[in-house]
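Student: Got a predicted model here, sequence first, then my questions.
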Amino acid sequence: RSVLARARRIQLPKLCPIMECPHLCTSVCIVPELVSFPSGSPSSWCCGVCRSNKSPWLCLTCFGVHCGRYVNGHAKKHYEDSQSPVPSPKKLEKPESENFQHAVCMDCSSYSTYCYRCDDFVVNDTKLCLVQKVREHLQNLENSALSAELHKKRKLMDQPSLQSKVLKVNGSTTTVCATGLRNLGNTCFMNAILQSLSNVQQFCTYFRELPAMELRSGKTAGRRSYHTRSQGESNVSLVEEFRKTLCALWQGSQTAFSPESLFYVVWKIMPNFRGYQQQDAHEFMRYLLDLLHLELQDGFNGIRHFVFSPESPGLSTATKCCINGASTVVTAIFGGVLQNEVNCLICGTESRKFDPFLDLSLDIPSQFHIKQCKNQENGPVCTLQDCLQSFTDLEELDESELYMCHKCKKKQKSTKKFWIQKLPKVLCLHLKRFHWTAYLRNKVDTYVQFPLRGLDMQCYLLEPEKFEPGIFLYDLVAVVVHHGSGVGSGHYTAYATHEGRWFHFNDSTVTLTDEETVAKAKAYILFYVERTCKSGSDNRL
């Protein structure tokens, strides 16, 4: 349980180059205006073989629709079946028009393009911009279908006699402001974190109120921006794409939003998250917050006034917590400070160090590992307070973590203890459910009981007796849950409260839920917001 594991500082990784696909000229021959596409929204088109409507891909040679490799793989099989045999040297080479390989296809949900011959995603386009034309056409079809669906729901809601029936059948249709996030291919880890952060009101409001980047002029004015290699790396802004995503989530104009532009930037600046493998939601959240913090420090789009100032309305100087330089809204809201004290057991020398943190990673005590669910009767239920107490308990370091004592001038046995020196405005608690063994990473599936309101953090402070009781209370605003047995598999969803009601965010599906359901969840990440004191005092820490 090292300090680095709790408050690691992640440096901005170098951008990874993406190669352009050389096969577009022979594989892309669709002219959208001349093609008769299937009816309905492209994201729900059915595979021409198995009729599955999950992960549909459009062949850009013959406009056939097939399912992706994580469903039944008919899109890849379509490419393999259509490949021409390698011509013999004695035979004349076929005309280029007959060498279409059906190698390039487009995801009908995220509009990303993939080449099976390159075995990679495509960022360039043909000379006639056919890929972009197809993308825009699919977007228009999707928007038309979503608008029709939203109009239908609003029409139903205008009928009082049908309101209770709609609520019973469709769950959350009484609230059209909540928007889901489409899964772009095992991106539920990202969706759960984005939905949780969008419900941290102070954090979300800051980004939503940032001015947008300057609109492009000329023929492309007002169109959605798709980053390509020719635009240059300097145009990639995580802050801007994050801002646009948060704005889309609560504007109520659509039932689901596709965060492909944000995901593209993630691929650009977070190489660890490239591809469509399942990722760890906590690791993504830390990278996201760290990189937002670094970009805000450097100035958003070259404009320095976007860097957070402690004088900003609603955030006092008492909230300032710097990590890697100047404070930003990330550290002002999520930033806290730990005091780490190490005592040498040989000479008694004490070493104290202060470490900033954005979240706390808590072990689930080993005595509770056999406890799988709340309703089991094989012993006491593990509580969040048990995990916090284990975090702050005095611990004797083992042989692999011997302390280098400056007085003894060699590594000695020692004890270590943590105190919280400063609490953040938003307390993010990560339960360490995944542990490495010799060959694989196991999941601790223990149910941990957590309070929905009134989490008292005073007893974990450095000098709790100096403060009046009841002024360090936190209320839950969001929970990220991992369903499944391993970090490389399973599924992430999130619960979050908005305007007094709890919602369950499961990718593009958003449903109303209740506190009892939330309390039964096997939490992975918990977001607690500081309860505002009526006195408005800011001099607590």
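Tutor: Cool, got the structure.
Student: where does the stretch 101-250 of the chain have low pLDDT?
Tutor: Within the stretch 101-250 of the chain, the segments meeting pLDDT under 70 span 149-177, 213-235.
Student: The stretch 301-450 of the chain too?
Tutor: 301-325, 370-379, 437-441.
Student: Leaving out chain neighbours, which residue sits closest to L296?
Tutor: Of all residues not flanking L296 in the chain, T328 sits nearest, at 4.1 Å (Cβ to Cβ, 6 or more residues apart in numbering). The way it works is simple: take the backbone N, C-alpha and C, and place the C-beta from them, glycine included.
Student: Could you do V266 as well?
Tutor: Using Cβ to Cβ, 6+ apart and skipping residues adjacent in sequence, the residue nearest V266 is F273, 5.4 Å away.
Student: Helix or strand: which one has the residue most central in space within the chain?
Tutor: In the chain, the centroid-proximal residue (Cα atoms, centre = their mean) is M190; its distance is 2.5 Å. Per DSSP states H and E: M190 is located in helix 188-198.
Student: Contacts made by the host helix or strand of R243 with the rest, please.
Tutor: Here R243 sits within helix 238-249, counting by DSSP H and E. With contacts defined as Cβ atoms under 8 Å, 6 or more residues apart in numbering, helix 238-249 is touched by 178-179, 181, 194-195, 197-198, 204, 207-208, 210, 212-213, 254, 257, 259, 261-262, 264-266, 269, 288, 291-292, 295-296, 300-301, 306.
Student: relative orientation of that helix and helix 188-198 in degrees?
Tutor: 80 degrees (axes from the mean of the first three to the mean of the last three Cα atoms, to 10 degrees).
Student: how about the helices of this protein, start to end?
Tutor: All helices of the chain, identified by DSSP state H, fall at 3-6, 24-27, 74-82, 130-157, 160-170, 188-198, 201-208, 238-249, 260-269, 281-298, 329-334, 384-392, 515-519.
Student: just so I know, which of the ones you listed lies nearest D445?
Tutor: Ranking the helices of the chain by proximity to D445 (Cβ to Cβ) places helix 384-392 first, at 14.9 Å.
Student: Mind exporting the C-alpha coordinates of that closest one to CSV?
Tutor: Taking C-alpha atoms only, helix 384-392 is exported to CSV below (Å, rounded to 0.1, in the frame of the first residue of the first chain):
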residue,chain,number,x,y,z
LEU,A,384,-17.1,1.4,4.1
GLN,A,385,-15.9,2.5,7.6
ASP,A,386,-14.1,-0.8,8.0
CYS,A,387,-12.2,-0.1,4.8
LEU,A,388,-11.4,3.5,5.9
GLN,A,389,-10.2,2.3,9.3
SER,A,390,-8.0,-0.3,7.7
PHE,A,391,-6.5,2.5,5.5
THR,A,392,-5.6,4.7,8.5
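Student: Relative to the whole chain's centre, how far out is that helix?
Tutor: Chain-centre distance of helix 384-392: 26 Å, with Cα atoms, centre = their mean, to the nearest Å.
Student: cool, stretch 186-202 as well?
Tutor: Using Cα atoms, centre = their mean, the offset of stretch 186-202 from its chain centre is 5 Å.
Student: buried sites along it?
Tutor: 186-200 (16 or more other Cβ atoms under 10 Å).
Student: Check stretch 350-365 too.
Tutor: Those would be S351, D355, P356, F357, L358, D359, L360, S361, L362, I364, P365, for stretch 350-365 by 16+ other Cβ under 10 Å.
Student: Which residues does the second one form beta bridges with?
Tutor: Counting by DSSP bridges, D355 is bridged to L338.
Student: doesn't G335 make contact with it?
Tutor: No: using Cβ atoms under 8 Å, D355 makes no contact with G335, being 11.2 Å away.
Student: before we move on, the earlier item: turn the helices of the chain into CSV, including distance to G486.
Tutor: As requested, those are exported to CSV (distance: least, Cβ to Cβ, whole Å):
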stretch, distance to G486
helix 3-6, 20
helix 24-27, 36
helix 74-82, 25
helix 130-157, 33
helix 160-170, 33
helix 188-198, 13
helix 201-208, 30
helix 238-249, 28
helix 260-269, 22
helix 281-298, 13
helix 329-334, 28
helix 384-392, 21
helix 515-519, 24
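Student: Any idea which of those helices gets closest to K409?
Tutor: helix 3-6 (22.3 Å).
Student: average model confidence for the closest one?
Tutor: Across helix 3-6, the average pLDDT comes to 43.
Student: Likewise for stretch 54-65?
Tutor: Rounded mean pLDDT across stretch 54-65 is 89.
Student: Just the residues contacting that stretch, thanks.
Tutor: 27-30, 35, 37-38, 42-48, 66-68, 70-71, 75, 78-79, 82, 100-109, 113-114, 130-131, 134, 138, 185.
Student: switch to 6 Å and redo it
Tutor: Applying Cβ atoms under 6 Å, 6 or more residues apart in numbering, the contact partners of stretch 54-65 are 27-30, 35, 45, 48, 66-68, 71, 75, 100, 102, 104-108.
Student: Stretch 491-506: which residues count as buried?
Tutor: In stretch 491-506, counting by 16+ other Cβ under 10 Å, buried: 491-498, 502-506.
Student: returning to what we had before: report all helices and strands that the helix holding M190 contacts.
Tutor: When contacts are defined as 3 or more Cβ pairs under 6 Å, 6 or more residues apart in numbering; DSSP states H and E, helix 188-198 packs onto helix 281-298, strand 473-483, strand 491-498.
Student: between these, which gets nearest to Q421?
Tutor: Taking the helices and strands packed on helix 188-198 one by one with Cβ to Cβ, strand 473-483 is closest: 16.8 Å.
Student: okay, the buried residues of stretch 491-506 in CSV with distance to Y474 and pLDDT next?
Tutor: Listed next are the buried residues of stretch 491-506 as CSV, based on distance: Cβ to Cβ, whole Å; pLDDT from 0 to 100:
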residue, distance to Y474, pLDDT
H491, 27, 91
Y492, 23, 93
T493, 22, 95
A494, 18, 96
Y495, 16, 97
A496, 15, 95
T497, 13, 94
H498, 18, 90
W502, 17, 94
F503, 20, 94
H504, 22, 95
F505, 21, 94
N506, 26, 93
